[in-house]
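Colleague: Build me a model:
(2 chains, ligands or ions: 1)
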Amino acid sequence: MAKAIKTVSTVVSKVEDLGNDTKRFTLVDQDDWELPPFRPGAHIDVHLGQGLVRTYSLCNDPYDDRRYVIAVKREREGRGGSNFLHDLVEVGQPISVSLPRGGIALDQEGTNVFLAGGIGVTPFISAIRHLERRGRSNYVLHWTSRGRPVLTDMIAPAIEAGRIRLYDTTAQAKPVIAAIVGEFAGSGLAACCGPAAMLKAFEDAVSAWPEERKHIEMFTPPKVIARSDVPPYELYLSASQKLATVTPDVGLLGTLDALGVEVPVSCGGGICGACRTRWTEGPPIHRDRVLSIAERQNELIVCVGDCAGQRLVLDL
Amino acid sequence: MDAIAIEEPEVTMSWQGVVRYLHKTPRAFLPMRSFPSLELVAGRGIEGDRYFVGHETGFYSHKPEEGRQVTLFEMETLEALQRDHKIELLPEEHRRNVTVEGVPLNHLVGRRFRLGEAIVEATRLSTPCRHIEEILGKSVFDPLINRSGLNCKIIAGGTLRVGDAVRPI
Ligand code: FES
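Modeller: As a prediction, the model looks like this:
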């Protein structure tokens, strides 16, 4: 049985140096097929190899369904993702990405107030392109940047129409966030993506707003499918003599994956039986719909299973 | 399960179905595209589909499976999801290749039947995949258990078109 495929295979079709330490990457399917759909302001995990995974907002319009466009600012002091993309990624290179997640629940009628700092503008570019294509202008973007902003080519008509306020902080004062959002206290949506200080000012300004009317761009982790709700326990693999702790956020299957153990997984939901594994110490928690009571005495469906005790031993 | 062994009489099945939609996709997770016809190749699969045997040009292609050269899904299941669960699942969303109407898929495991001008053999029932909920944002995993379609292998190939008949042999 094949190991489950977890990522979308794409190819880099374009790399543009936009200046100001920023590059824009366009990812497509190798046969120019449509890519999995996304919502305005959604993000993807980009798998750069050797466990290096970084999350970036998509900045194209969701309607533009054959490309994923991301913009990456080089963080010289960063943890390596942006430097890898800047230095080593070229046109023609295959790159695996996750399915798109998240997005901004735009207010259809009221005003959408977007506040961006520098490269934090990317989710709003996607949202603005989406709104503009549908003939909507119920938004305003306040965008702060140090020096010349990049990516302006993607929203040029909106800038021309006066719906975007640019603040070059090398020459002018930063906007007062509380004053900007204060105007919209009664209705509409406010969203912010930028450096920590900006997010903090935004959070303070909208602290009394109802949740559904504010959006702080934070990259949400992938939805864990079979989330464990039991306390952490020890996992020992008797055949390969590996030891690990299973925590609720990673789960049993995630831990096996991290240990590099090849368990065949197909449905991932406890009904096909592909991942049945022998256990010798437990007792395990069975959540599958495959095994009989007799089979459960020494087998476990690991894609949905867990341990009721402190230590689970699997014959792997 | 092992208490009673029922002697199954050789039944001649009488039913007649029709092909409503045809879809394929070249790689995992990519949206299915609709086509007026598909090319079925004996022993290999559907030309250009992710499960085509020998489709190794993609860098992370799905490992082809002998018994899953073409997959079928019942139109009636889409209607039942709408009726019983108020879920609208579209023909391009169930991720099987051939949407048929009037074909008792769950009773065909192990049998051969005609799919347009091709002949296929049903190998096993398909199981739903948890990822489908993630991709679609619709809670369809549970309602699709036991009616997630049929996997078949292609015995005799040919062109399959929307509107073609599906018949027992
Ligand atoms: S993968 Fe299907 S039961 Fe675990």
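Colleague: okay, CA-based contacts and neighbour counts for the rest of this
Modeller: Will do.
Colleague: Find the closest residue to the ligand in chain A.
Modeller: The ligand sits closest to residue A:270 of chain A, with a gap of 3.5 Å, by CA to the nearest ligand atom.
Colleague: show me what contacts that residue?
Modeller: A:287, A:288, A:289, A:290, A:301, A:303, A:304 (CA atoms under 8 Å, 6 or more residues apart in numbering or on different chains).
Colleague: Let's have those residues in a markdown table, adding neighbour count, distance to the ligand and pLDDT.
Modeller: Output for those, formatted as a markdown table (neighbours: other CA atoms under 10 Å in any protein chain shown; distance: CA to the nearest ligand atom, whole Å; pLDDT from 0 to 100):
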| residue | neighbour count | distance to the ligand | pLDDT |
| --- | --- | --- | --- |
| A:287 | 18 | 10 | 91 |
| A:288 | 20 | 7 | 88 |
| A:289 | 13 | 8 | 83 |
| A:290 | 17 | 7 | 83 |
| A:301 | 30 | 5 | 95 |
| A:303 | 30 | 4 | 90 |
| A:304 | 23 | 7 | 91 |
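Colleague: hmm, who's touching the strand or helix carrying residue A:277?
Modeller: Per DSSP states H and E, residue A:277 falls inside strand A:276-281. With CA under 8 Å, 6+ apart as the test, strand A:276-281 has contacts from A:298, A:299, A:300, A:301, A:302, A:311, A:312, A:313, A:314, A:315, A:316.
Colleague: and whichever helix or strand comes after that strand with the ligand, contact?
Modeller: Per DSSP H and E, the first helix or strand lying C-terminal to strand A:276-281 is strand A:284-285. No - contact of strand A:284-285 with the ligand (CA under 6 Å from any ligand atom) is absent, the minimum separation being 13.7 Å.
Colleague: Which elements pack onto strand A:284-285?
Modeller: strand A:306-307 (3 or more CA pairs under 8 Å, 6 or more residues apart in numbering or on different chains; DSSP states H and E).
Colleague: Who does the residue minimising distance to the centre of chain B form a beta bridge with?
Modeller: Nearest to the mean C-alpha position of chain B, by CA atoms, centre = their mean, lies residue B:72 at 1.7 Å. Listed by DSSP bridges, the beta-bridge partners for residue B:72 are residue B:98, residue B:150.
Colleague: Find the helix or strand that residue A:178 is a member of.
Modeller: helix A:177-182.
Colleague: Spell out which parts of chain A neighbour the ligand.
Modeller: A:265-275, A:301, A:303.
Colleague: Next, please give the residue ranges for the strands of chain B.
Modeller: B:17-24, B:33-34, B:37-41, B:45-46, B:70-74, B:98-101, B:112-115, B:118-125, B:150-156, B:158-161, B:165-168 (DSSP state E).
Colleague: mind listing what residue 133 touches?
Modeller: Looking at chain A here, since you left the chain open. Counting by CA under 8 Å, 6+ apart, residue A:133 has no contacts.
Colleague: Can you look at chain B instead?
Modeller: So residue B:133 contacts B:139, B:140, B:141 (CA under 8 Å, 6+ apart).
Colleague: For chain A, which residue gets nearest to chain B?
Modeller: residue A:267 (4.2 Å; CA to the nearest CA).
Colleague: residue contacts, that residue?
Modeller: A:274, B:127, B:128, B:129, B:130.
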